[in-house]
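> The following block contains a protein sequence and its predicted model.
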Amino acid sequence: MKSKLGVLAIVSFLALSACTGGGENTEGTESDKMVQDTTSNDVIQEEMGSADVMEKDGIKVSAYTASPEFAGAKLTLKSPKNGENLKAGNVKFDYNVEGYELGAQTSDAETNGLANSDKGQHIHAILNNEPYMAEYLPGFEKDLKGGKYVLLSFLSRSYHESVKNPEAMSIIEFNVGNSDAQSIDLNAPHLFYSRPKGSYKGEDTNKLLLDFYLVNANLSTDGYKVRATLNGTEFMLTNWSAYVVEGLPKGDVEVKLELLDANGASVNSPYNPSTRTVTLEE
């Protein structure tokens, strides 16, 4: 028993003190750290209110909690308004940002080894849980066809980690053109996929940021959970934070995120589960 505890303590210490590096992730023109236990493929967990470090099938998932909090940051969507009816075509989105500098590099960006945007801090704008749009100014335009849209917006650090402050996000539903699509209950629990996204090259493939945004759901060991499946290997997340993923092979990687209720059943949401494919290149 003491021997097992000793092994766990050593693994935990190494995981928490691992060195960090740097890297870039390419998404169009935008450039965007786990100790492996060789003795077992079983999940190694260090309990810190939740599973903080997990390892299975050569893949390691660690909670990343070292980022600056930005507790005073605030994001307000000025237009469109919730429930607004808009004409199909070019739609303008306008925000107000307080206590947060868009375009600045987040303080730990050079030391955490995560793919980082050289354009700095920004807004993640997610329409109907499609891949986010990274916006570096407090306003943008997008051509939209007729339909019903749910827009989730939140402030993002320069390495694409969401600021999980309730004042730093906005969620609305609006209509474009004539749409008879059913409305989404914005008071119900939802999970929106954020990272990883796109293609990664070189050193950027070593550590991927896994991040998602929760609405009306708090994660815990006996409540809501998120099941993250990486190339078929499952990890149960019971704490809402960003995670660092290591040990993934080169090539296409399938990432599936699913919000579960206290009974382990999939939460009924049009955005649940979310599955994306990212590519890790040499």
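That came through, no problem.
> any chance you could map the strands in the stretch 101-250 of the chain?
122-127, 133-135, 139-144, 147-156, 169-176, 190-195, 199-201, 208-215, 225-230, 233-237, 242-246 (DSSP state E, counting those that start in this stretch).
> Which neighbouring elements make contact with the longest one?
In this case it means strand 147-156. strand 74-79, strand 89-98, strand 122-127, strand 169-176, strand 208-215 (3 or more Cβ pairs under 8 Å, 6 or more residues apart in numbering; DSSP states H and E). C-beta here means a position set from N, CA and C on the backbone, and glycine is covered the same way.
> Show residues contacting that strand.
Under the contact criterion Cβ atoms under 8 Å, 6 or more residues apart in numbering, strand 147-156 has outside partners 70, 73, 75, 77, 93, 95, 97, 100, 121-129, 134, 162-163, 165, 168-177, 179, 181-184, 186, 192, 213, 215.
> how far away is the closest residue to P68 other than its chain neighbours from S156?
In space, not counting the residues next to it along the chain, P68 is nearest to S107; the distance is 5.6 Å by Cβ to Cβ, 6 or more residues apart in numbering. Distance of S107 to S156, computed by Cβ to Cβ, to the nearest Å: 14 Å.
> Who has more neighbours out of those two?
S156 (28 against 12; other Cβ atoms under 10 Å).
> Check the spacing between that one and V255 real quick.
18 Å.
> Tell me the buried residues within the contacts of strand 147-156.
70, 73, 75, 77, 93, 95, 97, 100, 121-127, 129, 134, 162-163, 165, 168-176, 179, 184, 192, 213, 215 (16 or more other Cβ atoms under 10 Å).
> Does N82 touch S183 like I think?
No. Counting by Cβ atoms under 8 Å, N82 does not reach S183; the two are 10.9 Å apart.
> tell me, what's touching the two both at once?
With Cβ under 8 Å, 6+ apart, N82 and S183 have common neighbours E173.
> How about E98: which residues does it bridge to?
Bridge pairing for E98 (DSSP bridges) gives the partners K74.
> Which residues are in contact with it?
72-74, 76.
> okay if I get these as CSV plus distance to G198 and pLDDT?
Shown next, in CSV, are those (distance: Cβ to Cβ, whole Å; pLDDT from 0 to 100):
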residue, distance to G198, pLDDT
G72, 31, 96
A73, 25, 99
K74, 28, 99
T76, 28, 99
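> Quick one: low-confidence residue ranges for the stretch 1-150 of the chain.
Counting by pLDDT under 70, the ranges of the stretch 1-150 of the chain that qualify are 1-51.
> er, the stretch 151-282 of the chain I mean
For the stretch 151-282 of the chain (pLDDT under 70), the answer is none.
> Looking at the helices and strands packed on strand 147-156, which is nearest to M54?
Between M54 and these, the shortest gap by Cβ to Cβ is with strand 208-215, which sits at 11.4 Å.
> G99: how many residues sit nearby?
14.
> Spatially central residue in the chain, please.
D211 (1.8 Å; Cα atoms, centre = their mean).
> and Y213, how far is that from L259?
Distance from Y213 to L259, by Cβ to Cβ: 11 Å.
> what residues are shared contacts of the two?
L191.
> just the helices in the stretch 1-150 of the chain please.
2-16 (DSSP state H, counting those that start in this stretch).
> So the residue nearest to the centre of the chain is in contact with H160, correct?
Yes. The pair D211 / H160 is scored as a contact, 6.9 Å apart, by Cβ under 8 Å.
> Which neighbours do the two have in common?
Common neighbours of D211 and H160 (Cβ under 8 Å, 6+ apart) are 194-195.
> Tell me how many other residues surround P131.
Neighbours of P131 (other Cβ under 10 Å): 15.
> same question, the one 10 residues further on
Using other Cβ under 10 Å, the number of residues around E141 comes to 11.
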